[in-house]
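Participant: predicted structure and sequence below. I'll ask about it afterward.
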Number of protein chains: 2
Amino acid sequence: MEFNLDNIDLAILEKMQANARISNADLARELSMAPSAILERVKKLEQKDVIRRYTTAINPAAIQQKLLAFIFLRSSEGFTCCSDTAAQLAAIPEVQEVHHIAGEDCYLVKVRTTDASSLMSLMRSKMQKIPNIASTKTTIVLETVKEQPDLVIPKT
Amino acid sequence: MEFNLDNIDLAILEKMQANARISNADLARELSMAPSAILERVKKLEQKDVIRRYTTAINPAAIQQKLLAFIFLRSSEGFTCCSDTAAQLAAIPEVQEVHHIAGEDCYLVKVRTTDASSLMSLMRSKMQKIPNIASTKTTIVLETVKEQPDLVIPKT
DNA sequence: ACTGAAAGTGGCGGACA
DNA sequence: TGTCCGCCACTTTCAGT
């Protein structure tokens, strides 16, 4: 698909990535354009799926989500089942990310829970029930140094 | 630190996590409270660092960021150097996440670039210059099934 | 595509319960 | 704290260029 973004679009994305709650008027001022013109561009970026959503980054510690783990899942079957297995993993709310990866391990999953025991009960109650999972390898995060979903916006 | 969030705070977080650009008036309506009361709570959540930031999720494909990789970095030294090594990794804009992990591998890094060759040049130009990196193991993502930073908000 | 004007609405400060 | 009120600023639409 072609998105065809010009410099103004990229500038909008950069500002809104840094602060999703910036007012349309402020955005227009900073880019020296009329508010209505900016509004029109933002709407188009939304409908073209360039802008996926606006979200609030919450401090995980504030709501007792202290444990972060990455789990490598090995699938026992070929390609037919994979999409279904992935969908079931993705349906778990505590699962933030599901990636199909190259190499022997089939999936990489990012999970957030309150503590180690709740992770274990999650794996027992939900993950073990998903068919075709041959093995799991869990990596516990001791400390997160950086965690920002920001993309590098190309200049010009 | 104590955050002491009540049900209303949690409801605010849930709504704002789903849509950071919701108007304060809409938020107040959905929670059946006065707009100014909600505004005051939101400000406090921001200053208590419960709300970290408001950000826009951009489609990576729209700005030619098609490659996603996870890199396991093994550090050759003990604890003294680690924080500095991590800081240098975190300073790289293409690096979205840096986690200190349990096990033999010291760090897990999430990186986004345009393609495989740009990842290689990034590793050569920036990562290899960071001292105390003994080895790296790179995992390429073939397909991302789910990628949402949403936290599970506890009910009540 | 961008500008500019016009009408409706929300943001935000103050006084009060 | 939460509510009510009032002014100003912002959003949003529409016609024009």
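Facilitator: Ah, there it is.

Participant: which strand is the longest one in chain A?
Facilitator: strand A:133-147 (DSSP state E).

Participant: now do the buried residues in it.
Facilitator: A:133, A:138-139, A:141, A:145-147 (16 or more other C-beta atoms under 10 Å in any protein chain shown). To be clear about C-beta, it is placed using only N, CA and C from the backbone, and glycine gets the same treatment.

Participant: mean confidence (pLDDT) on that strand, please.
Facilitator: What strand A:133-147 shows for mean pLDDT is 96.

Participant: which residues touch the nearest residue to A:K126 once chain neighbours are set aside?
Facilitator: Nearest non-adjacent residue to A:K126, counting by C-beta to C-beta, 6 or more residues apart in numbering or on different chains: A:I92, 5.4 Å away. The contact partners of A:I92, by C-beta atoms under 8 Å, 6 or more residues apart in numbering or on different chains, come to A:111, A:122, A:126-127.

Participant: phi, psi of A:I92?
Facilitator: In terms of degrees, to the nearest 10, the main-chain angles of A:I92 are phi -80, psi 120.

Participant: what of the one 10 residues further on?
Facilitator: Reported as degrees, to the nearest 10, the phi and psi values for A:A102 are phi -80, psi 160.

Participant: hang on, it packs against B:T139?
Facilitator: Yes: with contact defined as C-beta atoms under 8 Å, A:A102 counts as touching B:T139 (6.9 Å).

Participant: so who does the residue in chain A sticking out farthest from the centre touch?
Facilitator: Outermost residue of chain A with respect to the C-alpha centroid, by C-alpha atoms, centre = their mean, is A:A34; its distance is 32.5 Å. Residues near A:A34 by C-beta under 8 Å, 6+ apart: A:A28.

Participant: how far away is it from chain B?
Facilitator: Distance of A:A34 to chain B, given as C-beta to the nearest C-beta, to the nearest Å: 20 Å.

Participant: against B:V95, how distant is that residue?
Facilitator: For A:A34, the distance to B:V95 (C-beta to C-beta, to the nearest Å) stands at 37 Å.

Participant: off-centre distance for stretch A:39-55?
Facilitator: Distance of stretch A:39-55 from the chain centroid (C-alpha atoms, centre = their mean, to the nearest Å) equals 17 Å.

Participant: gap between the two ends of that stretch?
Facilitator: 19 Å (C-alpha to C-alpha, to the nearest Å).

Participant: for the closest residue to A:I38 other than its chain neighbours, the count of nearby residues, please.
Facilitator: Setting aside the residues directly before and after it, A:I38 is nearest to A:A28 in space (C-beta to C-beta, 6+ apart), at 4.5 Å. A total of 17 residues lie near A:A28 under the criterion other C-beta atoms under 10 Å in any protein chain shown.

Participant: distance of A:A28 relative to B:T55?
Facilitator: 20 Å.

Participant: same question for A:M127.
Facilitator: Look at A:M127 and B:T55: by C-beta to C-beta, they are 29 Å apart.

Participant: repeat that for A:E147.
Facilitator: In terms of C-beta to C-beta, A:E147 sits 12 Å off from B:T55.

Participant: what's the mean pLDDT across whichever strand or helix holds A:F72?
Facilitator: If you go by DSSP states H and E, A:F72 is part of strand A:67-75. Strand A:67-75 shows a mean pLDDT of 95.

Participant: direction included, what does that strand pair up with?
Facilitator: strand A:107-113 (antiparallel), strand A:133-147 (antiparallel) (DSSP bridges).

Participant: pull the residues that contact the first one.
Facilitator: In other words, strand A:107-113. Counting by C-beta under 8 Å, 6+ apart, A:60, A:65, A:67-73, A:75, A:85-86, A:89, A:92, A:94-101, A:119, A:122, B:70, B:139, B:141, B:151-152 sit against strand A:107-113.
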